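>>> Turn this into a model:
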Amino acid sequence: MEFIIRRMNPADYDAVVQLWQSAGLEYLPRGRDQYERIVAELAREENAFLVGELNGTIVASVFATHDGRKGWINRLAVHPDHQHNGFARRLIQAAEEALEAQGIEIIGALIESDNDRSRTVFQQSGYQARPHIHYFSKRKHPWT
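Below you'll find the model as predicted:
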């Protein structure tokens, strides 16, 4: 079976949501994960929303974005049936390449403190934790 990485398209939305749910990622359908918001993000050339497929089935995903100065890798997910095959590291590498092609030299990843699997894969990919940084956010709407 060949693992193929390609850009996500709007028709992939339902499969990606199922993947997130299978992988235990939080899904906010009335917030950031709303179909219309994802489709709008897909249209932005600077974003690299990637999926990984096996035999035409989406089994992994990652979102890479940037603000022109710093890149971010988010929503890395691999279906539980396909973890420990190196797919996450390959997606991280593809996201890094997409960001670096746009001149981005600093790339960060936000990982929830209880997500040991993601912390491990990012550390194995050369990322270093910054324990003195705390994430703050201000939201127009509650967590939805």
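>>> Need the single longest strand in the chain, by residues.
In the chain, assigned by DSSP state E, the strand with the most residues is strand 57-66.
>>> What lies in contact with it?
3, 8, 12, 15-16, 19-20, 41, 46-53, 71-79, 81-82, 87-88, 91-92, 94-96, 98-99, 102, 104 (Cβ atoms under 8 Å, 6 or more residues apart in numbering). (C-beta placed from N, C-alpha, C; glycine too.)
>>> So which residues of the chain form helices?
13-23, 35-42, 87-100, 116-124 (DSSP state H).
>>> Contacts only, for the nearest residue to Asp33 once chain neighbours are set aside.
Leaving out its chain neighbours, the residue that sits closest to Asp33 by Cβ to Cβ, 6 or more residues apart in numbering is Tyr27, at 5.5 Å. Tyr27 is in contact with 17, 20-21, 33, counting by Cβ under 8 Å, 6+ apart.
>>> Look up how far Arg90 lies from Tyr27.
Separation of Tyr27 from Arg90 (Cβ to Cβ, to the nearest Å): 23 Å.
>>> again with Arg6
Distance from Arg6 to Arg90, by Cβ to Cβ: 12 Å.
>>> more crowded one of the two?
Arg90 (18 against 12; other Cβ atoms under 10 Å).
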